[in-house]
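Participant: fold the following and give me the result.
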Amino acid sequence: MRIGIQAAYAGDFQQTASELKDLESAGLDLAMCAEVYTFDAVSQLGYLAAVTERVELMSGILPIYSRTPALTAMTAAGLDFVSGGRFTLGLGASGPQVIEGWHGVPYDAPLQRTREVVEICRQVWRREKLQHEGKKYSVPLPADQGTGLGKPLKLINTPVRERIPVMLAALGPKNVELAAEIAELWEPIFFMPERAGDVWGDALAAGRAKRDPALGELQVVTGVPVAIGEDAEQLLDAVRPGIALYVGGMGAKGKNFYNDLARRYGFEAEAETVQDLYLAGRKDEAAAALPEELIRATSLIGPESYVAERIAAFAEAGVTTLVLQPLDGSPQGRLRTVETMRRLAG
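Facilitator: This next block holds a predicted model:
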């Protein structure tokens, strides 16, 4: 089991980078930078590439709508170059609130766009002349849509790797099937080991049936809140507001992927209640209405012996990397968490 950590959205980034070097020495395998309507992830990843030596760097995630496919490919190749071949391109569709509300572009055809973006990236990394005729992207731009002067080009630089690993964040059945078909890694959220097979098993099997063997086995990366100690259970409630934000507040009625996931886990009534309360502005009540079973199963909170059992459960369910969200927010606490997790995860 690999262990990773996500860099904070805000704060003193130089301090974050300095701390990451200590975490790398403690056995951290992966560092992830998110990009929502925050500072961009690419600047931070480039900085981290310069101050680390071994840890894998990952975007978690870049929205597919916010860059052209060619720029996405160039960016990934550039980050892989400055990191010496340590970058993984994490991509996702995000959601209409961010894509239309922040980037101002239509949130359309996420599955088709994802497939084409990955195809174009891999063509760029192979240094082929870029020619792509898809349902959503045509490169070069057809003459009747521009000046007619566009011509096929290939990347000037030679990438460190012609196959940079791609991770797709996905929750819905079709999205998960696509990830299992075309990506090296898949990132679910709120992963519940005991029910993941019921929710995603068929989609994963369908995708794997079409998977190119050259991609290798599908790696599974998921985030987990972590607190380890005999008195750690008191921190379970600290996880509630974050889950409530997603299950209750991300999207609208009938268009919330995380609420749908809670329902598919079997918490239909609770998901309905959480969303109603959250959208009514009663956020504390929404958090309190979350089922404890969901919170416990998607976290690593408790004594070492319990956490070790849960790590084994995640591994048994197919997870290969746990991205830690330490509930002790101090640098010393995060370091202790990584050291303990490294020992427990083997």
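Participant: which elements pack onto the helix or strand where Ile295 lies?
Facilitator: Using DSSP states H and E, Ile295 sits in helix 292-297. When contacts are defined as 3 or more C-beta pairs under 8 Å, 6 or more residues apart in numbering; DSSP states H and E, helix 292-297 packs onto helix 193-209, helix 240-244. No exception for glycine: its C-beta is placed from N, CA and C like everyone else's.
Participant: can I get the longest one in CSV, CA atoms only?
Facilitator: Same thing as helix 193-209. The C-alpha trace of helix 193-209 is given here as CSV (Å, rounded to 0.1, in the frame of the first residue of the first chain):
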residue,chain,number,x,y,z
PRO,A,193,-14.4,-1.0,1.2
GLU,A,194,-17.3,-3.2,2.2
ARG,A,195,-19.7,-1.8,-0.4
ALA,A,196,-17.4,-0.6,-3.2
GLY,A,197,-17.8,-3.9,-5.1
ASP,A,198,-21.6,-3.6,-5.1
VAL,A,199,-21.4,0.0,-6.3
TRP,A,200,-18.6,-0.1,-8.8
GLY,A,201,-17.8,-3.8,-9.4
ASP,A,202,-19.8,-4.2,-12.7
ALA,A,203,-18.4,-0.9,-14.1
LEU,A,204,-14.9,-1.9,-13.3
ALA,A,205,-15.3,-5.3,-14.8
ALA,A,206,-16.8,-3.8,-18.0
GLY,A,207,-13.9,-1.4,-18.3
ARG,A,208,-11.2,-3.9,-17.6
ALA,A,209,-12.7,-6.2,-20.3
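Participant: helix or strand right after it?
Facilitator: Going down the chain from helix 193-209, the next helix or strand is strand 219-228, by DSSP H and E.
Participant: show residues contacting that following strand.
Facilitator: 4, 6, 30, 58, 167, 184-189, 191, 235, 238-239, 242, 298-304, 307, 314, 318-328, 337, 340-341, 344 (C-beta atoms under 8 Å, 6 or more residues apart in numbering).
Participant: element containing the nearest residue to Gly249 once chain neighbours are set aside?
Facilitator: If the residues on either side of it in the chain are set aside, Gly249 comes closest to Tyr278, at 4.7 Å by C-beta to C-beta, 6 or more residues apart in numbering. If you go by DSSP H and E, Tyr278 is part of helix 268-279.
Participant: mind exporting the next helix or strand after that helix as CSV, just the C-alpha atoms?
Facilitator: Toward the C-terminus, helix 268-279 is succeeded by helix 283-288 as the next helix or strand (DSSP H and E). What follows is helix 283-288, C-alpha atoms only, in CSV (Å, rounded to 0.1, in the frame of the first residue of the first chain):
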residue,chain,number,x,y,z
LYS,A,283,-25.3,22.9,7.7
ASP,A,284,-24.6,21.7,11.3
GLU,A,285,-27.8,19.6,11.2
ALA,A,286,-26.9,18.2,7.9
ALA,A,287,-23.5,17.1,9.2
ALA,A,288,-25.2,15.5,12.3
